[in-house]
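Engineer: take this sequence and fold it.
(one chain, ligands or ions: 2)
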Amino acid sequence: MKAPVCIIGGGPSGLLLSQLLDIEGIDNIVLEKQSREYVLGRIRAGVLEHGFAQLMREARCGERMDREGEIHEGFFIAHDGVMDRVDLHKYSGGSSVVVYGQTELTRDLYEARDRMNGKVIHNAEDVAPHDLKSDRPYVTYRQGGQIFRVDCDYVIGADGFHGVSRKSIPREVLQEFERVYPFGWLGVLSRTKPVSPELIYSRHERGFALCSLRSQTLSRYYIQAPLEDKVEDWSDDAFWTELRNRLPTDVANKLISGPSIEKSIAPLRSFVAEPMRHGRLFLAGDAAHIVPPTGARGLNSAASDIYYLYHAMVDHYKKGNDTGLDAYSQRALARVWKAQRFSWWMTTLLHRFPTNLPYEDRLQQTELQYLFSSEKALGSLAENYVGLPF
Ligand code: RFL
Ligand code: PHB
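Structural biologist: Numbers count the residues shown, from 1 in each chain. Ligands and ions are numbered 1, 2, ... in the order given. Alright, predicted model coming up:
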């Protein structure tokens with residue numbers, strides 16, 4: 001098989017790039033290790049930046065998002081017995097975020113690829129990129145006992161944190177920066193009315209909690225949990241009790257619980273791999289960087305990579321201009337690191353760290369008091385949460 005661009009990974013990053021390139025007439029093939037059902041079974045992000053929503057529209061995938069997604073102009077931080085609101089609209093100069101689940105967004109991208117007869121190959125095993133430093137790279141994979149080969153100009157590594165792309169860059173070339181946090185998030189999805197129309201991030205002495213949502217009938221809640229905990233250790237009842245314990249009393253009293261329809265634990269990690277290009281391989285999304293979910297940046301950082309890569313590819317194929325491809329790693333990393341900083345800051349501000357000294361707990365409280373007493377501090381939070389410009 002032949003295609004100018006071979007994309008490894010059919011998650012949101014890979015599918016979005018595939019769709020945008022196809023609209024511009026740039027042929028591409030997506031190789032996804034899992035089945036479509038498996039990819040659509042993952043419950044992950046819920047908050048989209050304004051710029052990402054715009055990119056979805058440009059990719060002709062924004063219709064359902066615009067119909068069913070909710071525009072949020074603010075969120076709450078519960079702390080020290082009070083609920084303070086961050087007015088995103090006011091402090092970001094009129095911007096907002098869209099609450100729309102990654103699962104639905106990925107479904108929309110798959111359907112858009114179907115409509116354009118996009119080539120998305122599922123259950124592609126042993127995917128391996130080759131000759132990345134040459135002008136003729138290729139990717140091999142196995143399906144049903146047969147080996148296939150895709151000859152291409154460029155390989156896009158959009159295969160997530162555990163993918164094969166980043167690992168194919170020689171160790172001496174790649175620099176990795178990492179911080180693993182000493183806790184995870186236990187998440188529950190339930191078919192219940194959300195406790196609040198806007199998200200509530202809660203800092204509590206028992207640990208962090210988050211009340212989020214997918215729609216007015218579908219709630220998503222998280223609590224900070226020890227890394228050693230297993231999902232099986234947490235009955236639904238235990239989860240709801242612990243969540244209520246970490247919320248202000250009036251919110252806890254209003255919380256409607258129900259059977260979990262999904263329950264999982266995600267470890268929290270900050271990670272960046274540099275550079276994001278090696279020869280003809282370009283990394284994008286979780287393949288190159290991970291953030292703890294506290295600032296809702298992960299999927300949004302993936303989208304900004306795709307924005308830069310898409311424009312660079314269009315410039316290359318349509319104008320013979322390689323400036324964008326050459327600058328990709330540097331441009332993408334500049335924004336990635338800002339999302340890293342913000343996610344680290346939100347995580348540090350709101351979680352209970354087992355090793356924290358009483359001194360550090362006081363600093364967390366003081367940081368929150370400062371935040372809600374300073375329009376400039378709120379402005380900084382708001383501009384980062386709605387997304388820095390691409
Ligand atoms: P993905 O989604 O991991 O997709 C990669 C795809 O590549 C496939 N793959 C392979 N394919 C071929 N060959 C191989 N060898 C392969 N290895 C892997 C995988 O099967 C998969 O389909 O990466 P992508 O596309 O870069 O997207 C990134 C996002 O998924 C991620 O950043 C977000 O989910 C992070 N995140 C959040 N981000 C936000 O912006 N806002 C949020 O509110 C938010 N909340 C979250 C989150 C992540 C969470 N978890 C579980 C980590 C909440 C949670 C709990
Ligand atoms: C979610 O709804 O899954 C969600 C929302 C906000 C975050 C993280 C996750 O910061």
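
Engineer: now F183: how far from A225?
Structural biologist: 7 Å (Cβ to Cβ, to the nearest Å). All C-beta atoms are positioned from the backbone trio N, CA, C, and that covers glycine.

Engineer: which residues are in contact with both of those two?
Structural biologist: G207 (Cβ atoms under 8 Å, 6 or more residues apart in numbering).

Engineer: close to ligand 1, is whichever strand or helix holds D126?
Structural biologist: According to DSSP states H and E, D126 maps onto strand 125-130. Yes - for strand 125-130, a contact with ligand 1 is found by Cβ under 6 Å from any ligand atom, at V127.

Engineer: and that strand, which residues are buried?
Structural biologist: Residues of strand 125-130 classed as buried by neighbour count (16 or more other Cβ atoms under 10 Å): V127, P129.

Engineer: ok, and what's touching whichever helix or strand comes after that strand?
Structural biologist: Heading C-terminal from strand 125-130, the first helix or strand you meet, by DSSP H and E, is strand 138-143. Contact with strand 138-143 is made by 6, 8, 31, 121, 123-131, 147-152, 155, as judged by Cβ under 8 Å, 6+ apart.

Engineer: now do the buried residues in the helix or strand just after strand 138-143.
Structural biologist: Next in sequence after strand 138-143, counting helices and strands by DSSP H and E, comes strand 146-151. Going by neighbour count (16+ other Cβ under 10 Å), the buried part of strand 146-151 is F148, V150.

Engineer: stretch 41-61 now?
Structural biologist: The neighbour-count check on stretch 41-61 (16+ other Cβ under 10 Å) flags 43-56, 59, 61 as buried.

Engineer: also stretch 243-261?
Structural biologist: Using 16+ other Cβ under 10 Å as the test for burial, stretch 243-261 gives L243, R244, R246, L247, P248, V251, L255, S257, S260.

Engineer: in TSV, list those residues along with distance to ligand 2.
Structural biologist: What follows is these, written out as TSV (distance: Cβ to the nearest ligand atom, whole Å):
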residue	distance to ligand 2
L243	14
R244	19
R246	15
L247	16
P248	18
V251	16
L255	16
S257	17
S260	14
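
Engineer: pick out the most distant pair among the residues you listed.
Structural biologist: Across the buried residues of stretch 243-261, no pair lies farther apart than P248 and S260, at 22.8 Å, counting by Cβ to Cβ.

Engineer: now do the same contact list for the nearest residue to V99 once chain neighbours are set aside.
Structural biologist: Excluding its sequence neighbours, the residue lying closest to V99 (Cβ to Cβ, 6 or more residues apart in numbering) is E70, at 4.5 Å. Taking Cβ under 8 Å, 6+ apart, we find E70 in contact with V98, V99, Y100, L213, S215.

Engineer: tell me which of these has the lowest pLDDT.
Structural biologist: Lowest pLDDT among the contacts of E70: S215, with 92.

Engineer: can you count the residues close to that residue?
Structural biologist: S215 has 16 neighbours, counted by other Cβ atoms under 10 Å.

Engineer: how much space between I169 and ligand 2?
Structural biologist: For I169, the distance to ligand 2 (Cβ to the nearest ligand atom, to the nearest Å) stands at 29 Å.

Engineer: what does the pLDDT read for that residue?
Structural biologist: At I169, pLDDT is 97.

Engineer: that one: what's it in contact with?
Structural biologist: When contacts are counted by Cβ under 8 Å, 6+ apart, I169 touches L132, A273, H278, L281.

Engineer: how about a cut-off of 10 Å?
Structural biologist: By Cβ atoms under 10 Å, 6 or more residues apart in numbering, I169 lies in contact with P129, L132, G157, A273, P275, M276, R277, H278, G279, L281, L283.

Engineer: now R191
Structural biologist: Applying Cβ under 10 Å, 6+ apart, we find R191 in contact with R214, S215, T217, L218, S219, G258, P259, S260, I261.

Engineer: please name the nearest non-neighbouring residue to the last one.
Structural biologist: When the adjacent residues along the chain are set aside, I261 lies closest to L189, with 5.2 Å between them (Cβ to Cβ, 6+ apart).

Engineer: give me the number of residues near that neighbour?
Structural biologist: The burial count for L189: 20, using other Cβ under 10 Å.

Engineer: go on, F372?
Structural biologist: When neighbours are counted by other Cβ under 10 Å, F372 comes out with 16.

Engineer: can you read off the pLDDT for the residue lying closest to it once chain neighbours are set aside?
Structural biologist: Among residues not flanking F372 along the chain, D84 sits closest, at 4.6 Å (Cβ to Cβ, 6+ apart). As predicted, D84 sits at a pLDDT of 98.

Engineer: quick one: is the helix or strand where D84 lies near ligand 2?
Structural biologist: According to DSSP H and E, D84 maps onto strand 82-87. No - applying Cβ under 6 Å from any ligand atom, one finds strand 82-87 separated from ligand 2 by no less than 12.3 Å.

Engineer: now that strand, how far from the centre of its chain.
Structural biologist: Averaging C-alpha positions (Cα atoms, centre = their mean, to the nearest Å) puts strand 82-87 24 Å from its chain's average.

Engineer: what pairs with it, and is each one parallel or antiparallel?
Structural biologist: The pairing partners recorded for strand 82-87 under DSSP bridges are strand 74-79 (antiparallel).

Engineer: what pLDDT, on average, does the strand it pairs with get?
Structural biologist: Regarding strand 74-79, the rounded mean pLDDT is 98.

Engineer: list the contacts for K133?
Structural biologist: Residues near K133 by Cβ under 10 Å, 6+ apart: P170, H278, G279, R280, L281.

Engineer: near ligand 2, which residues of the stretch 51-200 of the chain? Just list them.
Structural biologist: Within the stretch 51-200 of the chain, the positions lying close to ligand 2 (Cβ under 6 Å from any ligand atom) are L199.
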